[in-house]
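Asker: generate a structure from the sequence data that follows.
(chains A and B)
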Amino acid sequence: MPRWAMVIDLDKCVACQGCSIACRQENNTPVVSPEQAALGRAIRWNDVFPMPLNQPETAGEYPNVKLRYITRPCMHCSNPACIKVCPVQATYVDVEGLVRVNYNRCIGCRFCTIACPYGVRYFNWERPSWSPEMARHLNPDSVSEGGSLEGPAVRPKGVVEKCTFCIHRLRKARARAKLEGRPFRADEYVPACVETCTAKARFFGDLGDPESTVSKLAGSGRAFHLEEEAGTRPNVIYLREG
Amino acid sequence: MLQVDPQDKARLIDPLFKSGPRFWLAVLALGAIVGWGGAMYVRQMLLGLSVTGMNRPDYWGIYIVNFIFMIGISMAGTLIAAALYLTGVNWRRPITRIAEATTVFGLMIAGLQVIIDMGRPDRMLSMLIYGRAQSPLLWDVASLTMYLLISMFALYVSLMPDLGIVRDNLPDRVSGWRRSLYTVLALGWRGNREQWRRLERVILIVSILIIPIGVSLHTVTSWILSTTLQPGWHSTILGPYFVVGAIFSGLALLFIVVTILREVSDLKFYLETRLYRRLGWLFITMSIVWFYFTYTEHLTVFAGQEAAEFPVLASKLWGADAPAFWGMVILMVLAAYLLIFPLLLPERWARARLFRPRFALATAAAAGLVLILARAPQAQAVVAGPTTPNLPTALLSTGVVLVVVVGVSALALLKRHIVAGYIIASAAVLVAMWLERWNMIIPTVTHPRLIPWATYTPSLTEWSLTAASAALFMLMLLVFFKLFPPVSLWEVAEGRVIDEALAKVEIPLPPQSGQARSVR
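Answerer: Predicted coordinates:
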């Protein structure tokens, strides 16, 4: 069973936000009006923001100021804070280590959005809407098992959503392998953000396989996790800027 | 046929069947506010939670503040009634029904807040079907349900003998549904020996059970916050702090409801001023314990200066939440002053000139004038040197001194009018405890680790639903006290028998040493 993980090399990242845009297109992220966005209700499964985020005075003093950018998908933690607080098991970890959300069960209490130390979870404050041109080009994919609704499926209002590591792509890759009558290989699938990354700063693969690229990069001396002291053991590994 | 004291009948049973224009006016006004809230809720359902002031990262707003506040004020009622019952306190009798009713209706309103806050209230039952035992939210649902059920049971059981009494002492002209209401609800209460034996037994068991369940409810509510990793919440003190705050605010509510009932109905006979003094000791204790917990909670964060925690405290001390924080502190200090200091004033000093009401009023007017002047724009001195008198500062300090003098000179007045002092203190405590719940929730959710910090301003929808919840709470109490006697008939009658029996007992003085010697 693979253990999916992502490595983001901050030395290569140019903060172009291509990953954010690719994610939007791939996952039918609702577009909110500028007024709603100004209120802090924009939804970005994959966000790019400056670090330090809230206390810029800790970025150093002239002439030794260093403003860094960080790009942040869901960490898909091995010990996630979000799933423990969900009162209805709408969010859970599957056997491959993906943290998933079932839009059909979420009651919208927003406890998980508060419990997540990374702020990767977003709430649908209103019914998602797109301009007519965009609405024609929505991704038709969705993941659904026994009444659940996951992946890029258009979300109803009042539920929580977040990055899925493009789980629908994993499903499609598995289905293709099955159709062609051969075993599925971990390198047959990457999320949209990894595929699009301009600087090739993102790597994706199976952390359980010691020969995979992510396993080798995770052993690098530059490797670190975001908010390591939160004890969530993220499966997104960053490589420090040199 | 159950008998009742004719005076009790006139004071407690007859008013149930006479509703004046004041009652209907109150029902109408409260109903209008509830109706407005209902309309706003339908709008929120249709448009989504975007009509609130919440956003990312302020995922929780005043709905959750109201939820914790309502649980707090409702916890005290049954808990205090049970504790006073178990300790065999005789003066508790007139207030038990009021305390239990505030608990039952307060918990219902608290549960309503969670439903209002949900994005998908239509999926509420999923909590029972798919509940995750690890989630503190589920613990709270379980605890709240238990406490609500046992409180309703306690209220109903102690109501049963009264229902029997009312059934047997109805006024001549009474509508049929009222007659059948009491007949059905009394469940055939005849007041025979076996029924009383069973009732006492049930009340004893329920009173014992209520205390751990009540404490657990508020502890579990605090665990919703403290089991997360969020800065400012991840603390062990929150459990006891919430319990203390709950009893404190619950007592404040009890004082307010008792005082309103005293004023609008003929219940002064039962709800005597000595009740205020007796319950007041508990109120004062809770006030002191509350200050102790508040200080401890903030001191540890202040001394630690941890990178994620400190911004939360900074927001309370001098940031966006400073008005709420310092407002809370000032109101709590005011309440503690009103409760404690009149007790410290010796009786013989009260006649001094300083303590005359006229003096207090005049000083208050002077203080107001000086403070207004201090706020007025001043002509700037051209050259400010170390010797230039700073007029606004001088006025401000004079004003503060005058306010303190007003406080001191009002002491004698407060000592004489204990109810007035208590009602002001209770109102201050209620507002301050609401602000405390705000200070618990909002500074933390607005200062997360990896989301841009934000500020939170509740929207009209949120204020409307808050007002409607408060109005619904009052409406429920109003209707309940119109249908059932607000003071327990049988408990008061029982208390009278005990008082009479106690009055007859003569306690012999211990023999004095001299007499003992002479006997020998």
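
Asker: so where's chain B shaky on pLDDT?
Answerer: Where chain B drops to pLDDT under 70, the residues are B:378-389, B:512-520.

Asker: find the closest residue to chain A in it.
Answerer: Using Cβ to the nearest Cβ, B:G119 is the residue of chain B that sits closest to chain A, at 1.9 Å. Where you see a C-beta, it was placed from the backbone N, CA and C, and this is true even at glycine.

Asker: okay, and for chain A, where does confidence drop off?
Answerer: Segments of chain A classed as low confidence (criterion: pLDDT under 70) are not present in this model.

Asker: got phi/psi on the nearest residue to B:A320 once chain neighbours are set aside?
Answerer: By the measure of Cβ to Cβ, 6 or more residues apart in numbering or on different chains, the closest residue to B:A320 outside its immediate chain neighbours is B:T455, 4.7 Å from it. Listed backbone geometry of B:T455 is phi -120, psi 160, with angles given as degrees, to the nearest 10.

Asker: what sits against residue 84?
Answerer: Picked chain A for this. A:K84 makes contacts with A:115, B:132, B:134-135, B:227, as judged by Cβ atoms under 8 Å, 6 or more residues apart in numbering or on different chains.

Asker: please go with chain B instead
Answerer: Here B:L84 is in contact with B:92, B:96 (Cβ under 8 Å, 6+ apart).

Asker: how about the secondary structure of whatever residue of chain A ends up closest to chain B?
Answerer: Sorted by distance to chain B under Cβ to the nearest Cβ, the residues of chain A start with A:G108, at 1.9 Å. For A:G108, the secondary-structure state derived from DSSP: H, G, I helix; E, B strand; the rest coil is coil.

Asker: does it touch A:V160 like I think?
Answerer: Yes: counting by Cβ atoms under 8 Å, a contact exists between A:G108 and A:V160, whose distance comes to 6.9 Å.

Asker: pull up the overlap in contacts between those two.
Answerer: The contact lists of A:G108 and A:V160 share A:123, B:119, where a contact means Cβ under 8 Å, 6+ apart.

Asker: how about the strands in chain A?
Answerer: For chain A, the strands defined by DSSP state E occupy A:4-9, A:47-51, A:68-72, A:91-93, A:99-101, A:122-123, A:160-161, A:202-206, A:223-224, A:236-239.

Asker: would JSON lines of the ones you listed with mean neighbour count and distance to chain B be doable?
Answerer: As requested, the strands of chain A are arranged in JSON lines below (neighbours: other Cβ atoms under 10 Å in any protein chain shown; distance: least, Cβ to the nearest Cβ, whole Å):
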{"stretch": "strand A:4-9", "mean neighbour count": "24", "distance to chain B": "15"}
{"stretch": "strand A:47-51", "mean neighbour count": "17", "distance to chain B": "7"}
{"stretch": "strand A:68-72", "mean neighbour count": "19", "distance to chain B": "7"}
{"stretch": "strand A:91-93", "mean neighbour count": "19", "distance to chain B": "9"}
{"stretch": "strand A:99-101", "mean neighbour count": "24", "distance to chain B": "13"}
{"stretch": "strand A:122-123", "mean neighbour count": "24", "distance to chain B": "6"}
{"stretch": "strand A:160-161", "mean neighbour count": "24", "distance to chain B": "8"}
{"stretch": "strand A:202-206", "mean neighbour count": "23", "distance to chain B": "19"}
{"stretch": "strand A:223-224", "mean neighbour count": "13", "distance to chain B": "14"}
{"stretch": "strand A:236-239", "mean neighbour count": "22", "distance to chain B": "12"}
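
Asker: that older thread, just the buried ones from the contacts of A:K84?
Answerer: Applying a neighbour-count criterion of 16 or more other Cβ atoms under 10 Å in any protein chain shown, the buried members of the contacts of A:K84 are A:115, B:132, B:135, B:227.

Asker: the first one and A:V85 touch, don't they?
Answerer: In other words, A:A115. Yes: A contact is recorded between A:A115 and A:V85 when judged using Cβ under 8 Å, the distance being 4.6 Å.

Asker: overlap of the contact sets of the two?
Answerer: Listed as contacting both A:A115 and A:V85 by Cβ under 8 Å, 6+ apart are B:T228.

Asker: right, and the strands of chain A - which one's nearest B:V65?
Answerer: With Cβ to Cβ, the closest approach to B:V65 among the strands of chain A belongs to strand A:122-123: 18.1 Å.

Asker: which residues touch that closest one?
Answerer: Residues from elsewhere that reach strand A:122-123, judged by Cβ under 8 Å, 6+ apart: A:43-45, A:108, A:110, A:113, A:158-162, B:49, B:56, B:59, B:119.

Asker: check contacts around B:V104.
Answerer: When the contact criterion is Cβ under 8 Å, 6+ apart, the partners of B:V104 are B:74, B:78, B:148, B:151-152, B:155.

Asker: okay then, goodbye and thanks.
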